[in-house]
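Participant: let's see this in three dimensions:
(chains A and B)
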Amino acid sequence: MDARFDYLLRLGDDALILGQQLGLWTGHGPALEEDIALTNIGLDQIGQARAWLTLAGRIEGQGRDEDRLAYFRDQAEFRNALLCERPNGHFGDTIVRQFLFDTYAVGLHEGLSRSSDPEIAAIARKSAKESAYHLRHSRAWMVRLGDGTEESHAKVQQSLDDLLPYVGDLFHSDEATQNAAVEGWGVDPAELREGWEARFNEMLDESGLTCPESVPEQTGGRVGRHTEQLSFLLAEMQVLPRTYPDAQW
Amino acid sequence: MVMRSPDDWLAILETVPDPEIPVLNVVEMGIVRGVDCTEGGLTVRITPTYMGCPAMDAIADDIRTTLGPFAREESRSLTVELVYSPAWTTDWLDDKAQAKLEAYGIAPPGKTSDKRALNGEAPDIRCPKCKSTETELVSLFGSTACKAHYTCGSCGEPFDHFKCI
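Facilitator: As a prediction, this is how the structure comes out:
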């Protein structure tokens, strides 16, 4: 199988799962503006997912389109990082999850913009503009909540402590990602970690939030080992097309 | 019958309004990237403003509806193709399009060469109603994917700003 298929699934599934979760905020945002912001970001993620999965399906060459890949794969076939499937929780949890992801995505998209594969580079250049904008939003909230009231600080610090163990999965490196980097069409996520840490530490300085001294790492998303949360999410996301496979609307 | 040239097709496309911002057409918006005429075929290349822009399907449909009868006249099969490269930028909105936006009540994006936008600093956003630059960002996200939400400190008007990307 073309090595690009699995690599593109990782990119597409991150965006798809995150987009699906952000969509759940529709009508539940803490303020109208944030309701609109979170769902707009979700929309961008779904748009990116469509592009990556369409390309993945074409490269696979088995006739699977974006919908087939999104709705008719089971949990173990999903390649999203574990961070993306962490539940929405409260607004602070969602913001922290988004910030941790955005800081990764800006480096990833920037790197992939230089891909030797023109289609990957095109989608990445487009996505890079969006992820930079998302980061502006999530970062501003990290500072606002971290440097806000005692309660907002305590809550968002707790969110950070809860979610940091899932960050390592974003930088999962294996033979496939290393080959992608050597061949020039992909980026090895391990190489993105330094840039991520610089952006992360800058946020800590500004928000007054802290990073625990030792953070355990949960990995497995990139090889299909997921948490229970993903099965509930997929059940909801996939039920309609699986019940009525040829439904059109 | 004289066959239409790509420029003729573009002129017809200029009658297709953007579904969200009807004051601009899909050519002025920079969504239409080009027209290719082949033997018996006509391909219109379009690019999304934002990856998840939900108007893309409507835009493709509008293009098919508008061009369809003309394409059939020339026995051409019509294809609307989605392309991602080069990535859409607000720099494709020329001065005329930016002026139309402002007259419509949307603060135009300006140019990405204004580095303040890239550095995350707010450039001077002018209220489309009273032209004051005493404006304040309410939310980075507005009524559509391509807009942010501002309010004017001078006349109190809430308004959309076309994000500069």
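
Participant: need the contact list for the most centrally placed residue in chain B.
Facilitator: Nearest to the mean C-alpha position of chain B, counting by CA atoms, centre = their mean, stands B:Met29 at 2.4 Å. Contacts of B:Met29 were listed using CB atoms under 8 Å, 6 or more residues apart in numbering or on different chains, and they are B:18, B:21, B:49, B:92-93, B:97. Using the backbone N, CA and C atoms, a C-beta is placed for each residue, glycine as well.

Participant: doesn't it belong to a helix?
Facilitator: No: applying DSSP: H, G, I helix; E, B strand; the rest coil, one finds B:Met29 to be coil, outside a helix.

Participant: now A:Ile56: closest residue in space, sequence neighbours ignored.
Facilitator: If you look again at residue A:56, you'll see it is Ala, not Ile. Among residues not flanking A:Ala56 along the chain, A:Leu8 sits closest, at 3.8 Å (CB to CB, 6 or more residues apart in numbering or on different chains).

Participant: which residues does the one you found contact?
Facilitator: Counting by CB under 8 Å, 6+ apart, A:Leu8 has contacts A:52-53, A:55-56, A:59, A:120.

Participant: kindly recompute the last result at 10 Å.
Facilitator: A:Leu8 is in contact with A:2, A:51-60, A:69, A:79, A:117, A:119-120, A:123, A:186, counting by CB atoms under 10 Å, 6 or more residues apart in numbering or on different chains.

Participant: and the next element down the chain from whichever strand or helix holds it?
Facilitator: Following DSSP states H and E, one finds A:Leu8 within helix A:3-23. Using DSSP H and E, the helix or strand that directly follows helix A:3-23 along the chain is helix A:32-60.

Participant: tell me which residues of that next one are tucked away?
Facilitator: Neighbour-count burial for helix A:32-60 flags A:34-60 (criterion: 16 or more other CB atoms under 10 Å in any protein chain shown).

Participant: which other helices and strands contact it?
Facilitator: Applying 3 or more CB pairs under 10 Å, 6 or more residues apart in numbering or on different chains; DSSP states H and E, we find helix A:32-60 packed against helix A:3-23, helix A:66-71, helix A:91-112, helix A:118-146, strand B:77-82, strand B:135-139, strand B:147-152.

Participant: any chance of those in JSON lines, with mean pLDDT and distance to B:Met56 too?
Facilitator: Listed next are these as JSON lines, based on pLDDT from 0 to 100; distance: least, CB to CB, whole Å:
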{"stretch": "helix A:3-23", "mean pLDDT": "97", "distance to B:Met56": "16"}
{"stretch": "helix A:66-71", "mean pLDDT": "97", "distance to B:Met56": "14"}
{"stretch": "helix A:91-112", "mean pLDDT": "98", "distance to B:Met56": "20"}
{"stretch": "helix A:118-146", "mean pLDDT": "96", "distance to B:Met56": "13"}
{"stretch": "strand B:77-82", "mean pLDDT": "95", "distance to B:Met56": "7"}
{"stretch": "strand B:135-139", "mean pLDDT": "92", "distance to B:Met56": "23"}
{"stretch": "strand B:147-152", "mean pLDDT": "93", "distance to B:Met56": "16"}
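
Participant: with respect to A:Asp246, which of the ones you listed lies nearest?
Facilitator: helix A:66-71 (11.0 Å; CB to CB).

Participant: which parts of that closest one are buried?
Facilitator: A:66, A:69-70.

Participant: could you do stretch A:196-215 as well?
Facilitator: A:196, A:199-200, A:203, A:207, A:209.

Participant: mind listing what residue 138 touches?
Facilitator: Let's take chain A. A:37-38, A:41, A:94-103, A:203.

Participant: wait, chain B
Facilitator: A:32-33, B:148-151, B:158-159, B:161.

Participant: coming back round to it: for the buried residues of helix A:66-71, give me JSON lines that also has distance to chain B.
Facilitator: Listed next are the buried residues of helix A:66-71 as JSON lines, based on distance: CB to the nearest CB, whole Å:
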{"residue": "A:Glu66", "distance to chain B": "12"}
{"residue": "A:Leu69", "distance to chain B": "17"}
{"residue": "A:Ala70", "distance to chain B": "14"}
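
Participant: now render these as a markdown table, adding distance to A:Ser173.
Facilitator: Formatted as a markdown table, the buried residues of helix A:66-71 follow (distance: CB to CB, whole Å):
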| residue | distance to A:Ser173 |
| --- | --- |
| A:Glu66 | 27 |
| A:Leu69 | 24 |
| A:Ala70 | 26 |
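
Participant: how about the strands of chain B, start to end?
Facilitator: Assigned by DSSP state E, the strands in chain B fall at B:32-38, B:41-46, B:77-82, B:106-107, B:135-139, B:147-152, B:158-162.

Participant: of all those, which lies closest to A:Thr243?
Facilitator: Nearest to A:Thr243, of the strands of chain B and by CB to CB, is strand B:77-82 at 29.0 Å.
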